[in-house]
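*Asks:* Task: produce atomic coordinates for the following.
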Amino acid sequence: MLRGKIQNFIKEFVQGYKIENKTITDWDEPLVAFADVKDSLFLKLKTAVGATHKLPTDLLEDAKTIISYFIPFQKEIVLSNVGAKNSSREWGIAYIETNKLITNLNNCLTGRLEKSNFKSVIIPPTHNFDGRSLISDWSHKHIALIAGLGKFGLHQMLITEKGCCGRLGSLITSAKIEPTKRPNKEFCLYKYDKTCTKCIENCVFEVLKVDSFDRHKCYEICLSNASSHSKLGLATVCGKCICVVPCSFNDPVK
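*Replies:* Numbering: from 1, shown residues only. Coordinates of the predicted model:
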């Protein structure tokens, strides 16, 4: 079935990418999920985020399915970003190399789908947002939520069965694929039983609080890290809130 072929293709692509491209970064096996473009949550997302956020059919008229995936970082990368105020060099490199991986993956996956006469639209892995509002016209983490990859944590990031430390990608296609069932349990311990606020404790800049999140100050910190890591490439990162917390690597709620 097409669903299984796509899942296997994405997993095999990520598995072979490090060797073929001699990357510094290494990744765990990705998670792959699918969303029906007729899912009512797409309209709710557009209403919540605003007119700037696109519907799948805004980008591909005969869109049928969204392919969404999460590529987890190896634990060593996450551990490297613990402590200090600036993000680690390894964390910055992982961001840059994974964005390139996602771009290459989507290009190759699009080619495979085209051979089966399916159309696709590739979405950039990042930096597709308005510079003033900092709101994206296609939010990979919200798309991943709709596709059933996980749920949001107190830290505003998506938590999957393999944690929250990694990168998300998505692709719109005209192929009709059975959607993934969304989880009905919480992955965030704070949302589950209010026993954890580690992500807030990790945010040394006090951007993140239980009842608020200052996205503009957060982005300022990311830009500061980008400046520090400018020799590596464009690394607008921080990640302190998710390194290391109970939801960094896997689902803590059993």
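*Asks:* The most centrally placed residue in the chain: which element?
*Replies:* Among the residues of the chain, the one closest to the centroid is L168, at 2.5 Å (Cα atoms, centre = their mean). Following DSSP states H and E, one finds L168 within strand 166-173.
*Asks:* and that strand, average pLDDT?
*Replies:* When pLDDT is averaged over strand 166-173, the result is 98.
*Asks:* That strand - which strands sit beside it in the sheet, and in what orientation?
*Replies:* Each strand that pairs with strand 166-173, with its direction, by DSSP bridges: strand 65-72 (antiparallel), strand 120-122 (antiparallel).
*Asks:* Just the CA atoms of it, as CSV, please.
*Replies:* C-alpha atoms of strand 166-173 as CSV (Å, rounded to 0.1, in the frame of the first residue of the first chain):
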residue,chain,number,x,y,z
GLY,A,166,14.0,16.9,16.7
ARG,A,167,12.5,18.6,13.6
LEU,A,168,9.2,18.4,11.8
GLY,A,169,8.5,18.3,8.1
SER,A,170,5.4,18.0,6.0
LEU,A,171,4.3,17.6,2.4
ILE,A,172,0.9,18.1,0.7
THR,A,173,-0.1,15.6,-2.0
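*Asks:* Identify the residues contacting stretch 155-166?
*Replies:* 27-28, 31, 70-73, 77-78, 98, 141, 144-145, 149-153, 168, 187-188, 199-200, 203, 208, 213, 239, 241-243, 245, 247-251 (Cβ atoms under 8 Å, 6 or more residues apart in numbering). Where C-beta positions appear, they are placed from N, C-alpha and C, glycine not excepted.
*Asks:* Report the distance from it to the chain centre.
*Replies:* Relative to its parent chain, stretch 155-166 has a centroid offset of 8 Å by Cα atoms, centre = their mean, to the nearest Å.
*Asks:* List the buried residues in that stretch.
*Replies:* Buried positions in stretch 155-166, judged by neighbour count with 16 or more other Cβ atoms under 10 Å: 155, 157-160, 162-166.
*Asks:* now for these, which pair is the farthest apart?
*Replies:* Greatest spatial distance among the buried residues of stretch 155-166 (Cβ to Cβ): H155 and K162, at 16.1 Å.
*Asks:* now H155: how far from G239?
*Replies:* As judged by Cβ to Cβ, to the nearest Å, H155 and G239 stand 10 Å apart.
*Asks:* From what I see, L101 and Q15 are in contact.
*Replies:* No. If you go by Cβ atoms under 8 Å, L101 and Q15 don't touch, sitting 11.3 Å apart.
*Asks:* These two: which has the busier surroundings?
*Replies:* Of the pair L101 and Q15, L101 is the one with more neighbours under other Cβ atoms under 10 Å, namely 24 against 13.
*Asks:* Check the secondary structure at that one for me.
*Replies:* helix (DSSP: H, G, I helix; E, B strand; the rest coil).
*Asks:* which residues touch it?
*Replies:* 14, 17, 21, 23, 27, 71, 167.
*Asks:* Quick check: chain neighbours aside, which residue is closest to the last one?
*Replies:* Sequence neighbours aside, T98 is the residue nearest to R167 in space, at 4.2 Å (criterion: Cβ to Cβ, 6 or more residues apart in numbering).
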